[in-house]
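Engineer: no sequence on this one, just coordinates:
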């Protein structure tokens, strides 16, 4: 069994995604703009039947799923954002003052999840996705989604640094000739 297609959606804008603060376990509301983004995301997904809808446990991802018109999701811990540890709530500029060479995809979160931890979590999620049939819809956050994209195509977590992901974007994972592929990435055309 393999899913026909998997849509991977990042949550709508929050105050911290707007300010560039790293958000994993802090449960933030969507901004008014984030709610509008979620509505537009829902319109872009309208007409596609999804056999399985999964969401991160975070409020921002669950609210995005609901506003987009998919209230009957299942919560999956594999979609939870990378745990940043001591870097929770800090901007990249603040983190670079502590460690000028820091990159989440190479060093992980200080006192949080390591790159290996997140990669293993993404691998488990991808194995689950490979076992599903029909179309699948996922709602999650930026860094973990970038790792999922990298792992989906057989790369290591650190390749996620090359996969930019905007709020309320859609990406599609799928298969070509039996191989996992990224069909498209970071589509925000519905937000224009």
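Structural biologist: That came through fine. This is a predicted model, so every value here is computed, not measured.

Engineer: and the lengthiest helix in the chain, what other elements does it pack with?
Structural biologist: Secondary structure assigned by DSSP state H gives helix 115-131 as the longest helix of the chain. Counting contacts by 3 or more CB pairs under 8 Å, 6 or more residues apart in numbering; DSSP states H and E, helix 115-131 is packed against strand 3-10, helix 104-107, helix 142-152. (Each C-beta comes from the backbone N, C-alpha and C, glycine too.)

Engineer: got JSON lines for those, with mean neighbour count too?
Structural biologist: Supplementary listing: the helices and strands packed on helix 115-131 in JSON lines, determined by neighbours: other CB atoms under 10 Å:
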{"stretch": "strand 3-10", "mean neighbour count": "22"}
{"stretch": "helix 104-107", "mean neighbour count": "18"}
{"stretch": "helix 142-152", "mean neighbour count": "25"}
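
Engineer: so the residue nearest to residue 49 when sequence neighbours are not counted is in which element?
Structural biologist: Among residues not flanking residue 49 along the chain, residue 135 sits closest, at 6.2 Å (CB to CB, 6 or more residues apart in numbering). Assigned by DSSP states H and E, residue 135 belongs to strand 134-140.
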